[in-house]
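Chemist: Predicted coordinates and the sequence they were generated for:
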Amino acid sequence: MDTKKIVIDVKDFSFSYLMSDGEMQKKAVENINFQVCKGEFFCIIGANESGKSTLCNALVGLIPHFFQGDMDGEITVLGEDTRKSTVADLTSKIGLVFQDPFNQLTYTTTSVAEELAFGLGNIGVPREEMYRRVNDVAKTMRIDHLLQKNPLELSGGQVQRVALGSVFVMNPQIIVLDECTAQLDPLGSKEIFDVVKVLNERGITVVMADNDMERVAEYSDHVLVLHNNKQVTWGETREVFTNLDFSSLNLNPPVYVSISKKYINQGLWKKEVAIKEKEIINISREILER
Amino acid sequence: MARKSVSSYINIDSPIDRLHPMTKIVAVLSFGIIGFAAPMALAPYVVLLGLIVISYLAKLSNKFIHYVIPFGIPLLVMLLIIHGLFSAKNVTTLYDFGFAKLGLEGTLYAVKQVGSVLVFLGAFFLLTATTHPGKLVTAFVDSGMNPKLGYLLLATFQIFPQMQMRLSTIREAQVARGLEVEGNLLKRASAFLPLIGPLVMSSLMSVQERGMTLETRGFGSSNTKITSYIEVQDTAGQKTARKWLVIATIVVVIGSIVYRFI
């Protein structure tokens, strides 16, 4: 990790939202410290209200520029202090995809192609370049057959891919996804993870807040665990998932971790804990073949 | 869940559809003003005939007639009763009903007013039915309109389907909890009340994420000239046509003023 280039550096980050009555809310996140390296697939896990969305908003500069409140610490994205940059400046470097796919439509376009191009227009990309980028992104997102459709006529999974495409089309080096599969069916969720993995393999750094533990274990390189607005741990996914006490955090461990731990407790398996589907299949096969 | 746009644009390729939006806007205003300003009672109907020809070229003549006539007939009847029978300007009697007399001056005035309204209505229908909203706003922005104002204009086109969808979701949820939405008018009206609160609240909540979406897509960017995915092509012929439409409108307006004073 040390040899790779650090693209996100979060130091002692804390934030309290300013309420409408002028009072400060209790800290939404407190004393968060972690780093993300270039090309990494980084996941943030934690129960509801643990601070995942606050952290995602802070990474793209919405905190402190869009949400008012009391911010401590420092967040550096690709060498830029998010406090000193505007959200618009950060747009071409880091993009954000939200939970509700339909709230990410601009509601000003009549086709998916226009929706994808909306952000490009805002940063003054010439039309020919727009056409090229929109077509490329549509292919990557597997929505090229939907380009002329009205975004309002698509399913939730399709709209989420359009939203992801709208972010990807801006050529960001980092994409942040805030529980973007939470409102999707299992198939839609898998499609999003697959597409995100493709982007990650192309060199885009991915930061994904998600509680689909099986998929987090399958796809991520590093994981940050939040609980009660504080950081519990941060490290390599295998190490974290092997040692984490999920029940104390109101989280369910990946089913493969539970099964392999049972094997270990029963003396059937003595090596490392399985965190992926393939691993548990191999372990089970080995146990059965003995 | 499928949602539809309420934009009245009908995607049919036609010579009218391909015209530059500014040409259509200038034409709408010119036709409307000419129909209104020309002193002859039948002048708007000549323009209306022209609009029927345009609607035929736009492959929308059926829709145009079905749009204009159901609006025009009741309006004509209403204005005929008001102005034809009771206008103070009535001097020449066309028909004596016994209880009231149908006057020529009031009748002509009513016919002229209805014609003028139908010209505006019909021309506006053709404008919205043949102009892609995105092209319309791109044309405005190209003409110097603030892009943020352009966004507001487009968002207005699209806000209703979103509200309809939200209302439909809330309605389904309330029906599942036993709310009766069928029945007589009173029952349906009272069923509407429990839908309003959640509709307003959920709309307000989505505003925040919408704002965040716009921010993260560079909407707040102030250092660059905004570009558009939609291309709006203008031609020298159309520019000339727009000039002539403006000149024709000015001539008719001046002519009608002169005519009234002579």
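Modeler: Sure thing, it's come through.
Chemist: Can you name the residues that contact B:Ile170?
Modeler: B:Leu195, B:Pro198, B:Leu199, B:Ser202 (C-beta atoms under 8 Å, 6 or more residues apart in numbering or on different chains). C-beta coordinates here come from the backbone N, C-alpha and C atoms, glycine included.
Chemist: Now, of the residues you listed, which are buried?
Modeler: B:Leu195, B:Pro198, B:Leu199 (16 or more other C-beta atoms under 10 Å in any protein chain shown).
Chemist: tell me which element the first one falls in.
Modeler: Assigned by DSSP states H and E, B:Leu195 belongs to helix B:185-216.
Chemist: Now do that helix: distance to the chain's middle.
Modeler: 26 Å (C-alpha atoms, centre = their mean, to the nearest Å).
Chemist: Only the buried residues of the following helix or strand past that helix, if you could.
Modeler: Tracing the chain C-terminally past helix B:185-216 and defining elements by DSSP H and E, one meets helix B:236-261 next. Within helix B:236-261, the residues that qualify as buried are B:Gln238, B:Ala241, B:Arg242, B:Leu245, B:Thr249, B:Val252, B:Ser256, counting by 16+ other C-beta under 10 Å.
Chemist: Report the contact partners of the fourth one.
Modeler: Residues counted as contacts of B:Leu245 (C-beta under 8 Å, 6+ apart) are B:Val26, B:Ala27, B:Ser30.
Chemist: I'd guess the second one is in a helix, am I close?
Modeler: The reference is to B:Ala27. Yes. The assignment for B:Ala27 by DSSP: H, G, I helix; E, B strand; the rest coil puts it in a helix.
Chemist: correct me, but it touches B:Phe124?
Modeler: No. If you go by C-beta atoms under 8 Å, B:Ala27 and B:Phe124 don't touch, sitting 10.8 Å apart.
Chemist: More neighbours: which of the two?
Modeler: B:Ala27 (21 against 17; other C-beta atoms under 10 Å in any protein chain shown).
Chemist: Can you name the residues that contact that one?
Modeler: Counted by C-beta under 8 Å, 6+ apart, B:Ala27 has contacts B:Ala123, B:Leu127, B:Leu245.
Chemist: give the contact list for residue 79.
Modeler: No chain was given, so I picked chain A. Taking C-beta under 8 Å, 6+ apart as the definition, A:Gly79 has no contacts.
Chemist: meant chain B actually
Modeler: Counting by C-beta under 8 Å, 6+ apart, B:Leu79 has contacts B:Ala110, B:Gln113, B:Val114.
Chemist: and the gap between the last one and B:Ile82?
Modeler: Shown here: B:Val114 relative to B:Ile82, a distance of 11 Å by C-beta to C-beta, to the nearest Å.
Chemist: more crowded one of the two?
Modeler: More crowded of B:Val114 and B:Ile82, by other C-beta under 10 Å: B:Val114, with 24 against 14.
Chemist: how near is the more buried one to A:Ser85?
Modeler: 60 Å.
Chemist: same question, B:Leu167
Modeler: 39 Å.
Chemist: Same check on A:Val112?
Modeler: Distance from A:Val112 to A:Ser85, by C-beta to C-beta: 30 Å.
Chemist: Looking at the two, which one has more neighbours?
Modeler: Applying other C-beta under 10 Å to A:Val112 and A:Ser85 shows that A:Val112 carries more neighbours, namely 29 against 17.
Chemist: tell me the pLDDT at that one?
Modeler: Predicted confidence (pLDDT) for A:Val112: 94.
Chemist: returning to that earlier point: reformat the contacts of B:Leu245 as TSV; add pLDDT.
Modeler: Below are the contacts of B:Leu245 laid out as TSV (pLDDT from 0 to 100):
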residue	pLDDT
B:Val26	94
B:Ala27	94
B:Ser30	95
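Chemist: residue contacts, B:Gln238?
Modeler: So B:Gln238 contacts B:Leu19, B:His20, B:Thr23 (C-beta under 8 Å, 6+ apart).
Chemist: Can you pull the poorly scored residue ranges out of the chain?
Modeler: Answering for chain A, as no chain was given. Residue ranges of chain A with pLDDT under 70: A:1-3.
Chemist: wrong one, chain B
Modeler: B:1-7, B:157-161, B:223.
Chemist: ok, 50 please
Modeler: B:1-3, B:6 (pLDDT under 50).
Chemist: Could you find the residue nearest the spatial middle of it?
Modeler: Compute the mean C-alpha point of chain B, and by C-alpha atoms, centre = their mean the closest residue is B:Phe124, 4.4 Å away.
Chemist: Please name the residues that touch that one.
Modeler: Contacts of B:Phe124 (C-beta under 8 Å, 6+ apart): B:Val28.
Chemist: circling back: now the contacts of B:Leu79 in a markdown table, with distance to chain A and secondary structure?
Modeler: A markdown table is the format used below for those (distance: C-beta to the nearest C-beta, whole Å; DSSP: H, G, I helix; E, B strand; the rest coil):
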| residue | distance to chain A | secondary structure |
| --- | --- | --- |
| B:Ala110 | 40 | helix |
| B:Gln113 | 36 | helix |
| B:Val114 | 34 | helix |
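Chemist: Distance to B:Leu104 added to those, as JSON lines?
Modeler: As requested, the contacts of B:Leu79 are exported to JSON lines (distance: C-beta to C-beta, whole Å):
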{"residue": "B:Ala110", "distance to B:Leu104": "11"}
{"residue": "B:Gln113", "distance to B:Leu104": "15"}
{"residue": "B:Val114", "distance to B:Leu104": "16"}
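Chemist: ok, so of those residues, who is nearest B:Ile69?
Modeler: B:Ile69 has its nearest neighbour among the contacts of B:Leu79 in B:Val114, at 11.4 Å by C-beta to C-beta.
Chemist: Tell me which stretches of chain A form strands.
Modeler: With DSSP state E as the criterion, chain A has strands at A:6-17, A:29-37, A:41-46, A:69-77, A:80-81, A:94-97, A:174-178, A:205-209, A:222-227, A:230-236.
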